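Peer 1: I would like the atomic coordinates for the input below:
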Amino acid sequence: MIIGIDSHGPLSNNLHQQTNIEEEVTLTDDLMFHFNLEILLNSFERVCQEDRGDDLVNRLNTKVQQLLDGTSLRPQLVDGSNSTTTHNLSQHIISRDASSLIRLLGRNGCHDAMLEFCRRYCRDIIDASIEVSAYPGQPSVSRSNADEAVLFAYTAAIAACSKPPLASTLVVNRSYNSKYRTRSFLLSLLDEMENGYGETIRPNSYTLSAVLLGIDGGTDARQILDSFENKYGEDVSDGANNTTTSEKILTVQVYNVAISACGRRSSKESNKGGFKGIEGWQQALSILQTMRRQGPIPNEQTYTAVFHAMADSGKIKVAMSLLDELRKSSLVDISSKLFLPLLKACAKASSANMAQTMLKYMKEDSLEITTEHMNLFLLALANCKMNVRALGVLKEMIHSQKEDPLAGPNLVTLNTVLLACANADDYEACYALFEQMKEGAYLMIDESQTKLIEIRPDVVSYNTVISCSDPETALELVNEMRLTRRNRKGVVLPNAVTYTNAITRCRNAVDDDTDPEVRQYIFEIALALFDLARDNTLDGNETDLNVYVYSSLIWCAEAVGNYAVAVQLLRDMKCPPNNICYDGVISALSQSGLHRETLYFYYEMKGLNLPATRKTYQKLAYAINNSRDSELFFSPRKKAALMDGVLSGMSDRDRSVNIGGSLFQSLIRHHGDQSEPGASYRAARIVFDSIIGPVDDQNLSAMLLVCSSAKPKTLWEEAVTLLHSSDIVWDAFGPGHISIRALSYAVIACAKADQWEEALNLIELYGNPTLSTENRYR
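Peer 2: Now for the predicted structure:
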């Protein structure tokens, strides 16, 4: 007999009461869980707000370790006692918050701690899905949900490793390791996600895009994309049901990110002399052609990425050809955004006419021309030093602003026009526009796009005006910037660029004809500017006294001939010097004929693994050739011995004429000036043959001079052979790109040996009597 329960009886009331109590307890536990989770995540955010640099990294690392060992996972009960909790991270942190924590750690440079937490969380959530019984009272996790959590966590970790560190991050975080943003490391993380947790976890399009975000250069990007196509190009299969779905992992987004990677130069591609492969823009175009043939269908972002790659390589004509194809076809809807990278390329190549053609196309296609487009056009004008035209464009934008406030100028517009005036060395026009900005004569739309506000100068405005002003005005503007800290708003404090520009103007104001008293006065202004840069009391903020400020003052000391100050500045630097600083000191010493000191700082620079420049070897050769030491000054043999010592330690890079050409030329001549004709030629020829790469006209002429000056008889056969087998010198305008100077030395060598027929043959082959001076230097 089944006894029914009265729904209104006392037993029923007891059951309802018990159910309500259980629901209340469950709700309370759930609220406590989320409350403690929120406290945990907020504690990480609070650390990021309080600290920076290595202190931030250390504190975040400590908090991650506390999280992993369970110290921060003991929630407090109402009575204050610690509850017994399982030490499985997935039972305390949901997947979404785990991914957020991974992104936070990666954003702040804690990559080791980030990866340690990521791996631990993924292992725990996989364990929770397999051994649910090990965690009584906790909700179960399905394997599919666990795989999804692993996918999201690793996608966030790969994306964090792929992002290049900000310059500010590298300054304050010395523990950053560049290994994270490498092809091998990113692919190892992808493989770890797929095969490191039992069953295969298939990536999605975001995961593959995250990997490609960390790749620089077209070659690597294309190789990785090809491997993705081979591995993930098929439809996603469901082995359990023996079916396939139409979901594609290789979406258009993945291809777009790969094309964007082609626009970023790798270290190999940045080395113009050592890279022989296909350039990035060519790889981008190749990927586009593949998409057109096989899919996915390219969209506007695809073509924008291709144009960016072309713009970075300066391939304007190729980009214009592709643009014409798009305008004539219906492959993709063209918007105004597509023209931004093209205008950027025109600005980079200083092609104002081409930029104007772009704007003409936009008008023909009825596309909106925004302030951003006009700013890039103005930048092209600025790079062409077309300040009058830039001022005219500014007036047109102000007129258009009356009809459409969004089409008017902004701060970038005015700063670009200032740059155009500065590049044209038109200080009056630059300063007049700057004064108008200070008076609030120009308006722009605010961020809310509801009202017009005055455009006031910022630090870029001041720096631009300083870059074309005289030393006294530069000092006045710097002091004016420093006084703005007294204002309630509109504070514009000088930065390192300000002082670098101002000191550089002092250096440029000095030349060989400058009166000594004026020269000293200008140098005192430069020293005063440097003293202001060292003043660290501006609102408690330290001025960035970086290597560029030091190098500008070192070269200013070089310009006024004060090598003692240049050396002292190098010794007193608060930051690591670069080769420009050493070049300034070497140049200052060489002008004073101090060859020993010059060689000392050259070898010191090499000891710091700083690359020598063309200027380095020019000044080094000058110091030895014009030494104060009279014994060295009149001895070609001793000069050659010193230069041979330098040559013996030069790298293959430095042995090119583009870097060490001046030293080679001097050394060849010194060997040729020695008394023993045979030995002098052989020594000079050894130096000549040690040049790596093409030989320029100066060194070829120096070697031919040795042949024509040899005694008792000239080496005419060697001269003829050198001339016939010489490299093409593109700045030589004679037939065969042989200069008149080189030809003259070879003809003299033949004439001295009575080889008139051979001399006439050389003139017939390489001479051109009708080649006038005007045509020669056109």
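Peer 1: Tell me if I'm right that residue 248 and residue 296 touch.
Peer 2: Yes. If you go by Cβ atoms under 8 Å, residue 248 and residue 296 touch, sitting 7.2 Å apart. Yep, even glycine has a C-beta here, placed from its N, CA and C like the rest.
Peer 1: Any regions of the stretch 201-350 of the chain where pLDDT drops low?
Peer 2: Residues of the stretch 201-350 of the chain that meet the criterion pLDDT under 70 lie in 234-247, 266-277.
Peer 1: Go again with 50.
Peer 2: Low-confidence regions of the stretch 201-350 of the chain, defined by pLDDT under 50, span residues 236-246, 271-276.
Peer 1: Could I get the full set of helices for the stretch 401-550 of the chain?
Peer 2: 411-423, 427-438, 459-466, 471-483, 496-508, 516-534, 547-559 (DSSP state H, counting those that start in this stretch).
Peer 1: Residue 606: which of those helices is closest?
Peer 2: helix 547-559 (18.1 Å; Cβ to Cβ).
Peer 1: what helices or strands is the closest one leaning on?
Peer 2: Judged by 3 or more Cβ pairs under 8 Å, 6 or more residues apart in numbering; DSSP states H and E, helix 547-559 is in contact with helix 496-508, helix 516-534, helix 563-571, helix 579-591.
Peer 1: Burial check on the nearest residue to residue 696 once chain neighbours are set aside, number of neighbours?
Peer 2: Residue nearest to residue 696 in three dimensions, not counting chain neighbours: residue 657, with 4.4 Å by Cβ to Cβ, 6 or more residues apart in numbering. Per other Cβ atoms under 10 Å, the neighbour tally for residue 657 reads 22.
Peer 1: quick one on the thing from earlier: could you say which one of the helices of the stretch 401-550 of the chain comes nearest to residue 178?
Peer 2: helix 547-559 (20.7 Å).
Peer 1: follow-up on the earlier one: rebuild the helices of the stretch 401-550 of the chain as a markdown table, extending it with mean neighbour count and distance to residue 265.
Peer 2: Converted to a markdown table, these look like this (neighbours: other Cβ atoms under 10 Å; distance: least, Cβ to Cβ, whole Å):
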| stretch | mean neighbour count | distance to residue 265 |
| --- | --- | --- |
| helix 411-423 | 24 | 25 |
| helix 427-438 | 17 | 33 |
| helix 459-466 | 23 | 26 |
| helix 471-483 | 18 | 35 |
| helix 496-508 | 24 | 24 |
| helix 516-534 | 17 | 33 |
| helix 547-559 | 25 | 23 |
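Peer 1: Which secondary structure elements does the helix or strand containing residue 312 sit against?
Peer 2: Taking DSSP states H and E as the criterion, residue 312 maps to helix 300-313. For helix 300-313, the packing partners by 3+ Cβ pairs under 8 Å, 6+ apart come out as helix 252-262, helix 280-294, helix 316-328, helix 340-348.
Peer 1: Determine the angle, from 0 to 180 degrees, between the second one and helix 316-328.
Peer 2: Here helix 280-294 runs at an angle of 20 degrees relative to helix 316-328 (axes from the mean of the first three to the mean of the last three Cα atoms, to 10 degrees).
Peer 1: Let me know the angle separating helix 280-294 from helix 300-313.
Peer 2: Using the same axes, to 10 degrees: helix 280-294 against helix 300-313 is 160 degrees.
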